[in-house]
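> Using only what follows, build the 3D model:
(one chain, ligands or ions: 2)
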Amino acid sequence: LVNRMRPFGTTIFAEMSALAVRTGAVNLGQGFPDTDGPPEMLAAAAEALRSGRNQYPPGPGIPELRAAVAAHQHRFWGLEYDPDGEVVITAGATEAIAAAILALCEPGDEVVCFEPYYDSYAASIALAGAVRRPVTLRPGPDGRYAFDPAALRAAFGPRTRLVLLNSPHNPTGKVFTPAELALVAELCQEHGAYAVTDEVYEHLVFTDAASEHIPLASLPGMRERTLRISSAGKTFSCTGWKVGWASGPAALVSAMLRVKQFLTFVNAAPLQPAVAVALGLPDAYFTEFRAGMQARRDQLIGGLTEAGFEVLTPEGTYFVTADIGPLGGDDGIEFCRSLPQRCGVVAVPTQVFYDDPVAGRRLIRFAFCKRPELLAEAVSRLGAAL
Ligand code: PMP
Ligand code: GLN
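Ligands and ions are numbered 1, 2, ... in the order given. Reported below is the predicted structural model:
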């Protein structure tokens with residue numbers, strides 16, 4: 001194994017899902033829904049399989065999906081992208097993130113990111129031989145995660161190549177505010193840096209959040225330097241399909257494609273027309289999807305609080321982080337490894353997503369993208385055993 005990959009073991013998601021299977025615990029660790037996505041989308045996939053759309057599609061993705069991606073971003077965020085040259089379909093957001101970093105970073109270039117960060121970020125940065133410059137998100141007195149603006153300013157420097165921004169943010173549930181985004185935009189422009197934005201939870205910003213979802217690319221001066229990434233997995237409850245996309249100016253998309261063609265070449269042909277159908281669903285689908293998830297959030301938060309955790313209400317995503325301190329816990333990794341035996345529930349320790357060994361030590365993450373009955377079962381197990 002090459003040195004640059006040595007620090008990376010098995011992902012925490014694989015470890016914790018295997019533990020859930022082994023112990024028969026309720027798996028609130030890895031974030032995947034336990035219900036299927038919209039029936040129109042599933043029918044379109046079945047139809048595509050049956051009607052012979054089973055060979056290599058075009059490298060950047062089929063035209064109807066690229067058009068649907070562009071139309072969706074225009075409908076919800078007012079962004080304009082040319083489906084022909086400014087949109088590329090990828091194997092989930094994960095491939096898009098890797099291809100963007102590999103396309104833009106020389107060895108030694110620096111990538112500013114916020115910790116805790118989604119685990120593929122560190123690995124993709126390392127594969128490119130680049131260096132991550134994390135800025136820590138910490139819970140503030142208002143119950144929201146925030147960063148120190150001076151720390152963000154200090155993270156940018158002459159070697160900064162890009163900033164990797166995930167909002168709504170996994171695992172904290174933070175939604176970056178207009179003022180925070182404006183500072184990121186200002187620093188990118190001051191330092192001539194690109195932005196790669198991971199917006200896979202774009203449709204999961206709850207009605208009580210301080211701000212709605214604002215793509216960084218919609219800020220002045222940012223469209224021309226941003227690759228905006230999203231994926232069908234979260235919005236349409238099909239994480240196993242691995243259909244994602246990136247949009248941005250033609251030069252950046254074409255740089256990504258140069259890399260992407262040798263990572264996966266092309267992606268699952270029959271799933272692409274189906275995701276195009278899903279992206280075109282009426283607004284009501286997206287509103288109901290969010291409302292359903294918000295109700296589950298509140299259900300889980302109620303139960304976790306009753307069980308003794310200190311919980312921060314997420315403004316977005318389908319995750320909630322909980323502090324194990326009030327339950328006498330001090331190390332989230334130990335706590336999560338013993339939780340299935342103690343309570344029959346699996347959660348994920350968020351400290352594995354930090355470089356700072358102290359910041360996330362007592363935090364663990366639960367996913368609430370599950371049927372209310374399953375959440376009720378998890379909550380009752382936790383309440384009985386803790
Ligand atoms: N980014 C974030 C923040 C995520 O939570 C996930 C999904 N777990 C991904 C990227 C990866 O998305 P995909 O499954 O589409 O590759
Ligand atoms: N994005 C999901 C999560 O954060 C799943 C990630 C994965 O399994 N790689 O739980």
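
> What is the neighbour count of the residue in the stretch 201-350 of the chain that ligand 1 sits nearest to?
The minimum distance from the stretch 201-350 of the chain to ligand 1, using C-beta to the nearest ligand atom, falls at Ser231 (3.2 Å). Yep, even glycine has a C-beta here, placed from its N, CA and C like the rest. By the criterion of other C-beta atoms under 10 Å, Ser231 has 29 neighbours.

> Next, it: phi, psi?
phi -160, psi 160 (degrees, to the nearest 10).

> For it, which residues are in contact?
Contact analysis of Ser231 by C-beta atoms under 8 Å, 6 or more residues apart in numbering lists Gly92, Ala93, Ala96, Val200, Val243, Gly244, Trp245.

> Considering those residues, which is situated nearest to Gly332?
Nearest to Gly332 among those: Val200, at 23.4 Å, using C-beta to C-beta.

> next one: phi and psi at that closest one?
The phi/psi pair for Val200 (degrees, to the nearest 10) is phi -60, psi -20.

> what pLDDT does it get?
Predicted confidence (pLDDT) for Val200: 98.

> Stretch 237-255 near ligand 1 anywhere?
Yes: residues of stretch 237-255 contacting ligand 1 under C-beta under 6 Å from any ligand atom: Thr239, Lys242, Gly244.

> Neighbouring strands of the one helix or strand Leu165 maps to in the sheet, and parallel or not?
Mapping Leu165 onto the secondary structure by DSSP states H and E places it in strand 160-166. If you go by DSSP bridges, strand 160-166 pairs up with strand 110-115 (parallel), strand 194-198 (parallel).

> Turn those strands into TSV, columns for mean neighbour count and distance to Leu42.
Putting the strands paired with strand 160-166 into TSV (neighbours: other C-beta atoms under 10 Å; distance: least, C-beta to C-beta, whole Å) gives the following:
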stretch	mean neighbour count	distance to Leu42
strand 110-115	24	35
strand 194-198	27	26
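
> out of these, which comes closest to Arg362?
strand 110-115 (15.3 Å).

> Pull the distance from that closest one to the chain's centre.
15 Å (C-alpha atoms, centre = their mean, to the nearest Å).

> Please work out which residues outside it touch it.
101, 105, 121, 125, 130-137, 147, 152, 155-157, 159-166, 169, 193, 353-356, 359-360.

> that older thread, adding pLDDT, write the residues of stretch 237-255 next to ligand 1 out as a markdown table.
Shown next, in a markdown table, are the residues of stretch 237-255 next to ligand 1 (pLDDT from 0 to 100):
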| residue | pLDDT |
| --- | --- |
| Thr239 | 98 |
| Lys242 | 98 |
| Gly244 | 98 |
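
> Sort out for me which of those are in strands.
Using DSSP state E, Gly244 are the members of these that sit in strands.

> ok, back up a step: quickly note the distance from the residue of the stretch 201-350 of the chain closest to ligand 1 to Ser380.
Plainly put, Ser231 is 33 Å away from Ser380 if you go by C-beta to C-beta, to the nearest Å.

> before we move on, what about Phe147?
Noted for Phe147: a distance of 36 Å to Ser380, by C-beta to C-beta.

> Settle it for me: which of the two has more neighbours?
A direct count of neighbours by other C-beta under 10 Å for Phe147 and Ser380 places Phe147 higher, at 20 against 16.

> looking at it, the more buried one is touching Pro139, isn't it?
No: assessed by C-beta atoms under 8 Å, Phe147 is found out of contact with Pro139, at 11.4 Å.

> Now do the shared contacts for these two.
Common neighbours of Phe147 and Pro139 (C-beta under 8 Å, 6+ apart) do not exist.

> How about residues contacting the strand holding Leu165?
Applying C-beta under 8 Å, 6+ apart, the contact partners of strand 160-166 are 97, 101, 104-106, 109-114, 117-118, 121, 125, 130, 133, 156, 176, 184, 187-188, 191, 193-199, 216.

> Spell out which parts of the protein neighbour ligand 1.
Checking the chain against ligand 1 by C-beta under 6 Å from any ligand atom, the hits are 31, 92-94, 118, 166, 170, 198, 200, 231, 233, 239, 242, 244.

> Could you work out the most separated pair of these?
Using C-beta to C-beta, the two most remote members of these are Asn166 and Lys242, lying 18.0 Å apart.

> more crowded one of these two?
Ranked by neighbour count (other C-beta under 10 Å), Asn166 and Lys242 place Asn166 first, with 26 against 19.

> burial count for Phe335?
The burial count for Phe335: 20, using other C-beta under 10 Å.

> Not counting its neighbours along the chain, what's nearest it?
Gly329 (4.5 Å; C-beta to C-beta, 6 or more residues apart in numbering).

> was I right about the one you found contacting Arg337?
No: using C-beta under 8 Å, Gly329 is not in contact with Arg337, being 11.6 Å away.

> Have a look at the two and say which one is more surrounded.
Gly329 (22 against 15).

> buried stuff in stretch 312-331?
312, 314-324, 329 (16 or more other C-beta atoms under 10 Å).

> For that stretch, what does the pLDDT average out to?
For stretch 312-331, mean pLDDT is 97.

> Just the CA trace of that stretch, in CSV.
C-alpha atoms of stretch 312-331 as CSV (Å, rounded to 0.1, in the frame of the first residue of the first chain):
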residue,chain,number,x,y,z
LEU,A,312,-27.8,19.9,19.2
THR,A,313,-30.8,20.3,16.8
PRO,A,314,-29.6,20.0,13.2
GLU,A,315,-30.8,22.7,10.8
GLY,A,316,-30.3,20.3,7.9
THR,A,317,-29.2,16.8,6.7
TYR,A,318,-30.5,13.6,8.2
PHE,A,319,-28.1,13.4,11.1
VAL,A,320,-28.0,14.5,14.6
THR,A,321,-25.0,14.8,16.8
ALA,A,322,-25.2,14.0,20.5
ASP,A,323,-22.8,14.7,23.4
ILE,A,324,-22.2,11.6,25.6
GLY,A,325,-20.8,13.7,28.4
PRO,A,326,-24.0,13.8,30.5
LEU,A,327,-24.1,10.0,30.3
GLY,A,328,-20.7,9.7,31.8
GLY,A,329,-19.0,9.0,28.4
ASP,A,330,-15.7,10.5,27.5
ASP,A,331,-14.7,8.8,24.3
